[in-house]
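Engineer: Sequence first, predicted model second:
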Amino acid sequence: MKIIKVLGTGCAKCTKTLEAISKIADELNIDINIIKETDPEVIMEYGVMSTPAVIIDEVNVHSGSIPHRQEIEVWLQEE
């Protein structure tokens, strides 16, 4: 199971990113643990300068915008 963190302060883009990842994981029948992280100190620990950011298994894979569906599918299907 992938552990996915969406880092952000709770803005609309952060919420949409979290919802998109959850929806696509459900559609692909992929089991994930998704966490919304809003603590600025935790966000800074990842070196993120713009949100939303997506952390998968402790690796920053995206930041600064809502990721495209194709990107999310690739992340979810990688081993």
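Structural biologist: Sure, I can see it.

Engineer: Now the element after the lowest-mean-pLDDT helix or strand in the chain, going C-ward?
Structural biologist: The helix or strand of the chain with the poorest confidence is helix 40-45; it has a mean of 93 (mean pLDDT, DSSP states H and E). Counting by DSSP states H and E, the next helix or strand C-terminal to helix 40-45 is strand 53-56.

Engineer: Run me through the strand neighbours of that following strand, direction for each.
Structural biologist: Neighbouring strands of strand 53-56 in its sheet, by DSSP bridges, are strand 2-7 (antiparallel), strand 59-63 (antiparallel).

Engineer: quick one: average pLDDT of that strand?
Structural biologist: Averaged over strand 53-56, pLDDT sits at 98.

Engineer: Does residue 14 belong to a helix, a strand or coil?
Structural biologist: When classified by DSSP: H, G, I helix; E, B strand; the rest coil, residue 14 comes out as helix.

Engineer: show me what contacts it?
Structural biologist: Residue 14 makes contact with 6, 7, 8, 36, 51, 52, according to Cβ atoms under 8 Å, 6 or more residues apart in numbering. Quick note: C-beta positions are derived from backbone N, CA and C, even for glycine.

Engineer: if I read this right, the fourth one contacts residue 18, doesn't it?
Structural biologist: Yes: between residue 36 and residue 18 there is a contact under Cβ atoms under 8 Å: 5.5 Å.

Engineer: Whichever of the contacts of residue 14 end up buried, select them in ChimeraX.
Structural biologist: In ChimeraX, this line selects whichever of these come out buried by 16 or more other Cβ atoms under 10 Å:
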select :6,7,8,51,52
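
Engineer: which of the contacts of residue 14 lies closest to residue 60?
Structural biologist: Ranked by distance to residue 60 (Cβ to Cβ), these are led by residue 7 at 8.6 Å.
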